[in-house]
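Participant: Turn this into a structure:
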Amino acid sequence: MNDYLLKTIKDEKQRIYLLNHYLEGFRGTVFRQTMFAEFEHLIHQKAQHGEALTAELLTDEYYKLNQKYFGTDIAIDQEIGLEWARIPHFYYDYYVYQYATGFSAATALSKQILEEGEPAVKRYIGYLSAGSSEYPIEVLKKAGVDMASPQPVEDALKVFEEKLTEMENLLG
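Facilitator: Reported below is the predicted structural model:
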């Protein structure tokens, strides 16, 4: 839908809105959830090695991850280190990586449909029709998306870069 709207809408402000909406969704789903997954993985490793998971340790590790993910161009308040305590994902089974992989798979599927047309649509319908008959990774592979390779994530990042460049061009 976003691609259709971007192709048909000529109003610059509306285009900027659509691009920003997409980019923010991507940032929140791919980058942020990946950071969450990395935090969970790190904390589980520390627990498995017998380290005490104190509030101080969790806050420090979460702050360092924010520095890693946001870089030096963005000012990061020390208080962001406390954010881990209010994120409910961390109190459940390890699953947040699925947001990033799901977004990447969806991006790959939509790109195939837009570029290939009918053959990709048939594969996508086959993917939807498969339901729970096989493991999701196998069903996706039959649809043309191999999540065992880095390609879907790399392709999603390229789409992000293209949309970011388009927005930068519109903003001058």
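Participant: For the residue nearest the centre of the chain, which non-adjacent residue is spatially closest?
Facilitator: In the chain, the residue lying closest to the centroid (C-alpha atoms, centre = their mean) is V30, at 1.5 Å. Spatial nearest neighbour of V30, excluding adjacent residues (C-beta to C-beta, 6 or more residues apart in numbering): A100 at 4.7 Å. C-beta here means a position set from N, CA and C on the backbone, and glycine is covered the same way.
Participant: Run through who's touching the helix or strand that contains that neighbour.
Facilitator: Using DSSP states H and E, A100 falls within helix 97-116. Residues outside helix 97-116 that contact it (C-beta atoms under 8 Å, 6 or more residues apart in numbering): 3, 26, 29-31, 33-34, 37, 120-121, 123-124, 127, 140, 143-145, 147, 151-153, 155-156, 159.
Participant: Over to stretch 27-43?
Facilitator: Taking C-beta under 8 Å, 6+ apart as the rule, stretch 27-43 contacts 53, 58, 61-62, 65-66, 69, 84, 87, 89-90, 94, 96-97, 99-100, 103-104, 156-157, 160.
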